[in-house]
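Asks: just need the structure, nothing else, for what follows:
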Amino acid sequence: MSAPPHHDHGVEDLCAAGTRLYEQALRCGRVKAEEAETAAPCLLSHGLLHPAVDDLAQLEPVAPAVALHRLLRASGARIAEERRREERLSTLFAPLMRKEGQNAASSEPASLRILSGTERINEAITEAMAEATSEVLCIQPHVHYSGPRGERAQPVAMDRDQALLDRGCRIRTLYQHTQRHQPLVLARYEQLRGDAEARTLDEVTDRLIVIDGAVAFIPAGEDGRLALEVRHPALLTYFTTTFDRLWRLALPMYPQAVHRLSRGGVTPRQQAIAALLVEGLTDAVIADRLGMNIRTARVHIAKLAATLGSESRAQLGYLIGQSGILDRDQRRSRAQPPEPAAEPEPRPSP
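Replies: Here you go, the predicted structure:
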């Protein structure tokens, strides 16, 4: 059986295999080079093992005291270099800040700022969340958690979200209904500890993060590499009010989830599709709006047509209108969270 893959890490996060093999080398005096290269190459890259003089196929351990002294010295050198970098930055920006100060009386702080690059965007969001004292509002459309990009972003978001919850803050998040059973979304709420809530809608807006009602982040481009940082009070009030209205219409998902109920054999998802069909939207647009692939959307459309007895697309639109499934009172009751009598799903155990 092959050894599990080894992931790069710092020496301060020495893996279990590395710790075990290093202890074995200290106890026995040496270990096989082949074993170390396969199970714990980190011991070689971090200088904790070195080839034996009399047998290059064997590796001997560096004494822990010697290794610690060397690593602390390297750490001290990095800290000193960072301090020198800070001094250079201060020297560079001091005259620029003085020039800015000369015009401070005639200029207001920027209420809108473009952020470029995923790393810079994440830094700005992390910095703002580190200063949060109350609540973070999030709207996460389906695109954020799909594909490798979503999987890479998840650990970053989890760390800063948990740090915020640990300070007693609250997080409310809106998703689309199609994300209620996505593994990444479910895993997020199984791991988070604190005052985190989530609800879902058929459709949501593009991504939005509002922190303490003081700063918001929205996309400024389609590829996710540009974001707009917003500190304008009127816009922040608009974002917060819009979120709260959507929140009241949304279906609870976490910490206590509820099921949507079918009406007359037509499921809530098919009702959402029916509403978009009567607007004359194409299958592709409907799929995108509801966060599903086009094949799934067409399956739902076919089931809806079969339920209503439609034999053509034109007839389907007519039958939707005649069926009453989109009556305003039904749409309103469907949008509201179910009555307390609805049986809740069990909350994930810690």
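Asks: going forward, measure contacts between C-alpha atoms and count neighbours the same way
Replies: Noted.
Asks: off-centre distance for the top helix by length along the chain?
Replies: For the chain, the longest helix by residue count, based on DSSP state H, is helix 64-102. In this view, helix 64-102 has its centroid 32 Å away from the chain centroid, taken as CA atoms, centre = their mean, to the nearest Å.
Asks: and the next helix or strand past that helix?
Replies: Proceeding N to C from helix 64-102, the next assigned helix or strand is strand 112-116, under DSSP states H and E.
Asks: after that following strand, which helix or strand is next?
Replies: Counting by DSSP H and E, what follows strand 112-116 is helix 118-130.
Asks: state the mean pLDDT of that following helix.
Replies: Throughout helix 118-130, pLDDT has a mean value of 91.
Asks: how about the CA coordinates for that helix, as PDB?
Replies: C-alpha atoms of helix 118-130 as PDB (Å, rounded to 0.1, in the frame of the first residue of the first chain):
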ATOM      1  CA  THR A 118      -7.900  38.000  -5.400                       C
ATOM      2  CA  GLU A 119      -5.100  38.300  -2.800                       C
ATOM      3  CA  ARG A 120      -5.600  42.000  -2.300                       C
ATOM      4  CA  ILE A 121      -9.400  41.600  -2.100                       C
ATOM      5  CA  ASN A 122      -9.100  38.800   0.500                       C
ATOM      6  CA  GLU A 123      -6.700  41.000   2.500                       C
ATOM      7  CA  ALA A 124      -9.100  43.900   2.500                       C
ATOM      8  CA  ILE A 125     -12.000  41.700   3.600                       C
ATOM      9  CA  THR A 126      -9.900  40.000   6.300                       C
ATOM     10  CA  GLU A 127      -8.700  43.300   7.600                       C
ATOM     11  CA  ALA A 128     -12.300  44.700   7.800                       C
ATOM     12  CA  MET A 129     -13.600  41.600   9.400                       C
ATOM     13  CA  ALA A 130     -10.800  41.700  12.000                       C
END
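Asks: tell me what it is packed against?
Replies: helix 147-166, strand 226-230 (3 or more CA pairs under 8 Å, 6 or more residues apart in numbering; DSSP states H and E).
Asks: pLDDT of the first one, averaged?
Replies: Taken as a whole, helix 147-166 has an average pLDDT of 77.
Asks: contacting residues for residue 113?
Replies: Listed by CA atoms under 8 Å, 6 or more residues apart in numbering, the contact set of residue 113 reads 228, 229, 230.
Asks: who wins on neighbours among the residues you listed?
Replies: residue 229 (23 neighbours; other CA atoms under 10 Å).
Asks: residue 216 is in contact with that one, correct?
Replies: Yes: taking contacts as CA atoms under 8 Å, residue 229 lies within contact range of residue 216: 5.8 Å.
Asks: that older thread, TSV for the contacts of residue 113, including pLDDT and distance to residue 67?
Replies: As requested, the contacts of residue 113 are exported to TSV (pLDDT from 0 to 100; distance: CA to CA, whole Å):
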residue	pLDDT	distance to residue 67
228	94	47
229	94	45
230	95	48
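Asks: how many neighbours does residue 18 have?
Replies: Residue 18 - counted by other CA under 10 Å - has 21 other residues nearby.
Asks: residue 120 now?
Replies: With other CA under 10 Å as criterion, residue 120 counts 14.
Asks: surely residue 284 touches residue 294?
Replies: Yes: the pair residue 284 and residue 294 passes the contact test of CA under 8 Å, sitting 5.6 Å apart.
Asks: rewinding a little: highest average neighbour count across the helices and strands packed on helix 118-130?
Replies: strand 226-230 (a mean of 20; mean count of other CA atoms under 10 Å).
Asks: residue boundaries of the helices in this protein?
Replies: Going by DSSP H, the chain shows helices at 16-28, 33-39, 42-45, 64-102, 118-130, 147-166, 183-191, 233-249, 268-277, 283-290, 294-308, 313-323, 328-335.
Asks: wait, which of the ones you listed is closest to residue 206?
Replies: Closest approach to residue 206 among the helices of the chain (CA to CA): helix 283-290, 10.6 Å.
Asks: what does that closest one rub up against?
Replies: 176-178, 202-203, 273, 276-277, 293-294, 296-298.
Asks: just want the angle from that helix to helix 268-277.
Replies: 130 degrees (axes from the mean of the first three to the mean of the last three CA atoms, to 10 degrees).
Asks: for helix 283-290, list the C-alpha coordinates in PDB.
Replies: Output of helix 283-290 as PDB, limited to C-alpha atoms (Å, rounded to 0.1, in the frame of the first residue of the first chain):
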ATOM      1  CA  ASP A 283     -33.500  27.500 -20.700                       C
ATOM      2  CA  ALA A 284     -29.900  28.700 -20.300                       C
ATOM      3  CA  VAL A 285     -30.900  31.900 -18.600                       C
ATOM      4  CA  ILE A 286     -33.300  30.100 -16.300                       C
ATOM      5  CA  ALA A 287     -30.600  27.700 -15.300                       C
ATOM      6  CA  ASP A 288     -28.100  30.500 -14.600                       C
ATOM      7  CA  ARG A 289     -30.600  32.500 -12.600                       C
ATOM      8  CA  LEU A 290     -31.500  29.500 -10.400                       C
END
